[in-house]
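A.B. asks: one predicted model, sequence on top.
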Amino acid sequence: MSVIATPPMRIIATSFLLVGSVLLVSCTEHNPYVVSELSLERLGWDTVRVDVRFARVNAWGKVDSVERPVTTLNLFNATFDTLYSGPELILPVPDRALASEEPVLVEVCGRFDGMNVCEQKGFLASPKRIEARHDLDYPQNGDVEQGSYSVTLAVERKAWQADSWQEIESREVSGYWLAYVDGHEDEGVRIPFRRTRGRFNLARLENYRDFNYYLRSALLEESEAVVRFDLYVGLGGDETRVANDEKVVRKKPREIRELEVGSFVEQAAVEVLRRLTSFFGPTRTYVYLDSWQFIESERRYVIEMEITWGGTFLRQRWYRIGGLLEVKEDGSGAVFRRTKSNERGADRWEGRIDGDQLRLNDMHPRSPDESTDGSGEAG
């Protein structure tokens, strides 16, 4: 009976310990090499020295230093683009092209018996800032949709181990203008910043309807509105505000609109007469402005006008053409539509013009010189 008294649980436990020991030894022998030390020494913003040591861990956990094998070093930016790959322990860092304090990662890999042993460590790129000088023209010719800008940018980084700043060149400068009515920044319009100078049309950009609503509301209630422009610029990362400006838009007085209407009527009459008269032209011409209105929502004039002219000095005959001139506030899209005429005027029109509508060239509105204090008028 004593021969078979061994507890079965002891046999099971012993077997488990043996299996565990086999697994431990197997894992240790499979990958016995490790990076025992990895340190980075900044030699400047553009250079970093890497110190790396390797070791071997035996089956009992003892760590023994080994000679550094064939080693590859990789340098990655914040989006894991490779900035450098090679065997050198002193790495070139393209700091000028990196964003301000952008995270940079160093990866070191040593090869043992066909296997890579790798370790990583990071550092930050230099602090950078952008100094901006700008000139902003808005609204142009009283048109609250139109404007232009010029920008001069100076990219600087902090001097190595000093408090001063040094100007550098950077390949990746991006940004935008944010235009908004004072107090309504969330309803602003982004103007993409592509070049150091350019023109923009707010009506073609996203969110213009909200911007225009608050602008018109301010002009209706106060006869003027403050439009703010914030300049956001970034170096390959998030843009930050580097400059701002403001323009006061005032409702265009009626006397200025009357000047514009008169200018459009004169230019339209010249072009219509050029199409209807002979080489020698009329001897006498009279142009009448009967009425006009400005359609606010369309930024368009509708003008009722009449042209009367006499023939050449050999045959003094009178011609009369009346109609509607429609033209946008900036002088574009001009069309003259005949609505009445005397018999001679009708014969001359029908003999030279196909239909009752004549498209005209773009015109140039005439208005007093803009003030130099950054303000402008709008309807």
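C.D. replies: Structure received.
A.B. asks: tell me the contacts of Y213?
C.D. replies: Neighbour list for Y213: E187 [criterion: CB atoms under 8 Å, 6 or more residues apart in numbering]. For the C-beta atoms, the positions are set from N, CA and C on the backbone; glycine is no exception.
A.B. asks: before we move on, which element is it in?
C.D. replies: Applying DSSP states H and E as the criterion places Y213 in helix 208-222.
A.B. asks: what about dumping the CA coordinates of that helix to CSV?
C.D. replies: Provided in CSV are the C-alpha atoms of helix 208-222 (Å, rounded to 0.1, in the frame of the first residue of the first chain):
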residue,chain,number,x,y,z
TYR,A,208,-19.8,84.9,-46.8
ARG,A,209,-23.6,84.9,-46.4
ASP,A,210,-23.3,85.1,-42.6
PHE,A,211,-20.5,87.7,-42.8
ASN,A,212,-22.6,89.8,-45.2
TYR,A,213,-25.7,89.6,-43.0
TYR,A,214,-23.9,91.1,-40.0
LEU,A,215,-22.1,93.7,-42.2
ARG,A,216,-25.4,94.9,-43.7
SER,A,217,-27.1,94.8,-40.3
ALA,A,218,-24.4,97.1,-38.8
LEU,A,219,-24.6,99.5,-41.8
LEU,A,220,-28.3,99.6,-41.5
GLU,A,221,-28.3,100.3,-37.7
GLU,A,222,-25.2,102.4,-37.3
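A.B. asks: quick check: buried residues in it?
C.D. replies: By neighbour count with 16 or more other CB atoms under 10 Å, helix 208-222 contains the buried residues Y208, D210, F211, N212, Y214, L215, R216, A218, L219.
A.B. asks: same check on stretch 156-170?
C.D. replies: Result for stretch 156-170 [16+ other CB under 10 Å]: buried residues E156, R157, K158, I168, S170.
A.B. asks: which residues of the stretch 51-200 of the chain score low on pLDDT?
C.D. replies: Judged against pLDDT under 70, the low-scoring parts of the stretch 51-200 of the chain cover residues 170-172.
A.B. asks: if we use 80, what do you get?
C.D. replies: Residues of the stretch 51-200 of the chain that meet the criterion pLDDT under 80 lie in 59, 61, 141-142, 169-174, 194.
A.B. asks: going along the chain, name the strands of it.
C.D. replies: When assigned using DSSP state E, counting those that start in this stretch, the strands of the stretch 51-200 of the chain occupy the ranges 63-66, 71-76, 82-86, 90-92, 103-112, 115-124, 128-137, 146-158, 165-168, 173-181, 189-193, 197-201.
A.B. asks: between the ones you listed, which one is nearest to T277?
C.D. replies: Of all the strands of the stretch 51-200 of the chain, strand 146-158 sits nearest to T277, with 34.9 Å by CB to CB.
A.B. asks: which strands or helices does that closest one pack on?
C.D. replies: The elements that strand 146-158 packs onto, with contact taken as 3 or more CB pairs under 8 Å, 6 or more residues apart in numbering; DSSP states H and E, are strand 128-137, strand 165-168, strand 173-181, strand 197-201, strand 224-235.
A.B. asks: now the last one: average pLDDT?
C.D. replies: Right, the one you point to is strand 224-235. Per-residue confidence for strand 224-235 averages out to 91 on the pLDDT scale.
A.B. asks: compute the inter-axis angle for the next helix or strand after it and strand 146-158.
C.D. replies: Counting by DSSP H and E, the element after strand 224-235 in chain order, helix or strand, is strand 240-251. Calculated by axes from the mean of the first three to the mean of the last three CA atoms, to 10 degrees, strand 240-251 forms an angle of 160 degrees with strand 146-158.
A.B. asks: partners of strand 240-251 in the sheet?
C.D. replies: Paired strands of strand 240-251, with direction, are strand 224-235 (antiparallel), strand 375-378 (parallel) (DSSP bridges).
A.B. asks: including mean neighbour count, could the ones you listed go into a markdown table?
C.D. replies: A markdown table is the format used below for the strands paired with strand 240-251 (neighbours: other CB atoms under 10 Å):
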| stretch | mean neighbour count |
| --- | --- |
| strand 224-235 | 20 |
| strand 375-378 | 20 |
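A.B. asks: distance to G183 added to those strands, as a markdown table?
C.D. replies: Conversion of the strands paired with strand 240-251 to a markdown table gives the following (distance: least, CB to CB, whole Å):
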| stretch | distance to G183 |
| --- | --- |
| strand 224-235 | 8 |
| strand 375-378 | 18 |
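A.B. asks: which of these sits closest to P282?
C.D. replies: Set against P282 and scored by CB to CB, the strands paired with strand 240-251 come closest in strand 375-378, at 36.0 Å.
A.B. asks: let me see the mean pLDDT of that closest one.
C.D. replies: Within the predicted structure, the mean pLDDT of strand 375-378 is 56.
A.B. asks: what's opposite R190 in the beta bridge?
C.D. replies: Here R190 sits in beta bridges with L178, going by DSSP bridges.
A.B. asks: same question for K251.
C.D. replies: Counting by DSSP bridges, K251 forms beta bridges with A378.
A.B. asks: make 27 the first number, not 1, from now on.
C.D. replies: Understood, numbering begins at 27; the last thing we discussed is K277.
A.B. asks: okay, it and E250: tell me how far apart.
C.D. replies: K277 sits 7 Å away from E250 when distances are taken as CB to CB, to the nearest Å.
A.B. asks: swap in V215?
C.D. replies: V215 sits 19 Å away from E250 when distances are taken as CB to CB.
A.B. asks: and if you look at L124?
C.D. replies: Noted for L124: a distance of 45 Å to E250, by CB to CB.
A.B. asks: isn't A244 up against N238?
C.D. replies: No. Because the distance of 10.9 Å does not satisfy CB atoms under 8 Å, A244 is recorded as not touching N238.
A.B. asks: with adjacent residues omitted, what lies nearest to the residue positioned nearest the centre of the chain?
C.D. replies: The structure's the chain has its C-alpha centroid closest to P218; by CA atoms, centre = their mean the separation is 2.2 Å. Take P218 and drop its neighbours on the chain: the residue closest to it by CB to CB, 6 or more residues apart in numbering is Y202, 5.3 Å away.
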